[in-house]
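In: Here you go, sequence then predicted model.
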Amino acid sequence: MTVRFMLALVASLAATSSVSGQAIAGPEAPKPVVITFLDVGQGDATVIRTPSGRVVMIDAGRVSPLRQLTRLGVSEIALLIATHAHADHIGGLDDVLTARPVDTYVDNGTPHTTETYRELMAHIERLDVRYLQAVPRTLILDEISLDILPLPPSMEGQNNRSVGVILRYGEFLAFFSGDSERPELEFWQGRGVVEDVTLLKAPHHGAVNGFTYSFLEEASPEVVVISVGGTNPYGHPRPEALAAYSSFADEVLRTDRDGTVTVLGFSDGRYETVLGEDSYDQVELQSMGDWDLNQLGSEDESGELELISRMLPSNQTTGSMEHVLTLIVNAGTNSQDASNLNAEYVVIENHSPTSLDIGMWQLCDLSSRCFRFPAGSKIDGARRVVVYTGYGATDGVSFFMNNGNAVWNDNGDEARLFDAGGQEVLRYVYE
């Protein structure tokens, strides 16, 4: 059942459903997961509140969203996800990190050259926020789980390396994918991770390259929300995308016309939509009750995110340290032009809480072209290092092979990591 709450009817709807005449919430009624798409113009910023009251945020728009977060009562954030490093998705994150305590930060592990990205990563390092790269895994927070989908291994650019997330709350599922374009959507279909969902956040602001009919048929959303600016120069959302979404979904909502859009998802698969800031406040406080955002209790007594391995399809990683380290290859270029060689790189992430000494370890490709880490090198707990193919100055986090030619093959390769004694500890194979 879909209930559209309109501003003029909020007071009466707070107590009674206009469809059934039944009370829509009571002391014993299960609370929904609340997903709010902030009106941030041409950009994305989504706030997710678990039924127990903790908060996940996906992207933060181009400018500060603190006014909206204050209105929503968000005082701290358990999980902050940056789908990719474009400014209309991460521009507001610096203010969020400054003004709100953040426990865990997730991104696509794909560095960007902009000052916005560099300042953001420096800020995260200064704050000592726990960093996780978006590898296939499941994050559990209170009553909801978030499946992080596999990333395409060798696509260039940020859009098709957008972090994909499927939120689950009982029978209610929601799909978020940043600015994914057709190649990434088709990649996920090929990996079998696209599911029948209730809610779809329209990829790439409703661009013509942000959907396929095959993808929509598999996702089969009941409601689509497009985060888009009213005066954007790209013509988003495109008429072709609107027609496609309307052919599958019962509702297609857009922030440029509807303002802030909130979707309340219930564990039995139902959903309700709330339009505008005032209606959200009224429905939350009168219909759903006042939720304590400072509640930190969860299934994990420590109050932290519970990380669970999930058999999501991905490129194969094997080795004696596969539960401690992950290794991802971005074969970003075939060019022999040295100025482009840092577009290909390898990210190695340490998932343990303790520092790992990698001094004199070697990273090699299938042809035994190798890079040796300098003595004293280490990966701090819950941190990563990046090994670029081209030239640069090592700073302990970024390393450079200083190679004049591309190393990692676009059509498939094998990355192997050896410890100082020559023992293989990790192998990553991609096609």
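Out: Happy to help now that I have it.

In: Any idea which helix or strand in this protein has the lowest mean pLDDT?
Out: Ranked by mean pLDDT, DSSP states H and E, the weakest helix or strand in the chain is helix 10-13, scoring a mean of 30.

In: what about V56, distance to Y169?
Out: 12 Å (Cβ to Cβ, to the nearest Å). C-betas here are computed from N, CA, C, even on glycine.

In: ok so, going back, after the least confident helix or strand of the chain comes which helix or strand?
Out: Per DSSP states H and E, the first helix or strand lying C-terminal to helix 10-13 is strand 33-37.

In: so what strands line up beside whichever helix or strand comes after that next one?
Out: Counting by DSSP H and E, the element after strand 33-37 in chain order, helix or strand, is strand 45-49. Here strand 45-49 is paired, per DSSP bridges, with strand 33-37 (antiparallel), strand 55-60 (antiparallel).

In: Could you chop this protein up by domain?
Out: 2-308, 316-430 (automatic domain parsing).

In: how distant is the last one from the center of its chain?
Out: Put plainly, it is domain 316-430. 23 Å (Cα atoms, centre = their mean, to the nearest Å).

In: let's number from 155 now, not from 1
Out: All right, first residue 155 from here; so that's domain 470-584.

In: What mean pLDDT does it get?
Out: Mean per-residue pLDDT for domain 470-584: 83.

In: which of the domains of the chain sits most buried?
Out: domain 156-462 (a mean of 19; mean count of other Cβ atoms under 10 Å).

In: just the helices in the stretch 255-404 of the chain please.
Out: Applying DSSP state H, counting those that start in this stretch to the stretch 255-404 of the chain gives helices spanning 269-281, 336-345, 367-373, 393-402.

In: quick check, distance from the third one to the centre of its chain.
Out: Going back to what we said before, that points to helix 367-373. 20 Å.

In: and if you look at stretch 273-288?
Out: 15 Å.

In: Pull the residues that contact it.
Out: 234-236, 244, 247-248, 251-252, 256-263, 302, 305, 317, 480, 482, 501, 503, 505, 536-538 (Cβ atoms under 8 Å, 6 or more residues apart in numbering).

In: about what we covered before: now tabulate the helices of the stretch 255-404 of the chain in TSV and tack on distance to L418.
Out: TSV is the format used below for these (distance: least, Cβ to Cβ, whole Å):
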stretch	distance to L418
helix 269-281	31
helix 336-345	26
helix 367-373	20
helix 393-402	20
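
In: Compare those and give me the one nearest E578.
Out: E578 lies closest to helix 336-345 among the helices of the stretch 255-404 of the chain, at 26.4 Å (Cβ to Cβ).

In: Which strands and helices lie in contact with that closest one?
Out: Applying 3 or more Cβ pairs under 8 Å, 6 or more residues apart in numbering; DSSP states H and E, we find helix 336-345 packed against helix 367-373.

In: coming back round to it: make a markdown table out of the helices of the stretch 255-404 of the chain and add mean pLDDT.
Out: Formatted as a markdown table, these follow (pLDDT from 0 to 100):
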| stretch | mean pLDDT |
| --- | --- |
| helix 269-281 | 85 |
| helix 336-345 | 94 |
| helix 367-373 | 95 |
| helix 393-402 | 93 |
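
In: Tell me how far stretch 385-398 lies from the chain's centre.
Out: 23 Å.

In: Next: stretch 357-372.
Out: 18 Å.

In: same deal with stretch 418-429?
Out: The answer for stretch 418-429 is 21 Å, by Cα atoms, centre = their mean.

In: Restrict it to CA atoms and write it as CSV.
Out: The C-alpha coordinates for stretch 418-429 follow below in CSV (Å, rounded to 0.1, in the frame of the first residue of the first chain):
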residue,chain,number,x,y,z
LEU,A,418,9.3,5.3,5.2
GLY,A,419,10.0,1.6,4.6
PHE,A,420,8.3,-1.1,6.7
SER,A,421,9.6,-4.6,7.4
ASP,A,422,6.6,-6.1,5.7
GLY,A,423,7.6,-4.4,2.4
ARG,A,424,5.1,-1.5,2.5
TYR,A,425,6.3,2.0,2.1
GLU,A,426,4.9,5.5,2.5
THR,A,427,6.2,8.8,1.0
VAL,A,428,6.4,12.2,2.7
LEU,A,429,7.0,15.4,0.7
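
In: who's in contact with stretch 545-556?
Out: 492, 495-496, 525, 527-528, 531-532, 537-544, 561.

In: and with 6 Å instead?
Out: 525, 539-543 (Cβ atoms under 6 Å, 6 or more residues apart in numbering).

In: Return the subset of those residues lying in strands.
Out: 525, 539-542 (DSSP state E).

In: just to revisit the earlier point, format the strands paired with strand 199-203 as JSON lines; extra columns: mean pLDDT and distance to T352.
Out: As requested, those are exported to JSON lines (pLDDT from 0 to 100; distance: least, Cβ to Cβ, whole Å):
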{"stretch": "strand 187-191", "mean pLDDT": "96", "distance to T352": "10"}
{"stretch": "strand 209-214", "mean pLDDT": "96", "distance to T352": "17"}
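
In: Which one, of those, ends up nearest to D198?
Out: Minimum separation from D198 across these (Cβ to Cβ) falls at strand 209-214, 4.2 Å.

In: okay, the angle between the closest one and helix 269-281?
Out: 150 degrees (axes from the mean of the first three to the mean of the last three Cα atoms, to 10 degrees).

In: following strand 209-214, which helix or strand comes up?
Out: helix 220-226.

In: I'd like the distance between A529 and V317.
Out: Taken as Cβ to Cβ, the span from A529 to V317 is 35 Å.

In: How far away from the center of its chain is the helix or strand where L234 lies?
Out: Here L234 sits within strand 231-235, counting by DSSP H and E. For strand 231-235, the separation from the chain centroid amounts to 10 Å (computed by Cα atoms, centre = their mean).

In: List the contacts of it.
Out: Residues contacting strand 231-235 (Cβ under 6 Å, 6+ apart): 208-212, 254, 256-260, 295, 317.

In: Quick check: can you name the pairing partners of that strand and their directions?
Out: Sheet partners by DSSP bridges: for strand 231-235, these are strand 209-214 (parallel), strand 256-261 (parallel).

In: Quick check: next helix or strand after that strand?
Out: helix 241-244.

In: ok, back up a step: got CSV for the strands paired with strand 199-203, with distance to P391 too?
Out: Output for the strands paired with strand 199-203, formatted as CSV (distance: least, Cβ to Cβ, whole Å):
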stretch, distance to P391
strand 187-191, 14
strand 209-214, 17
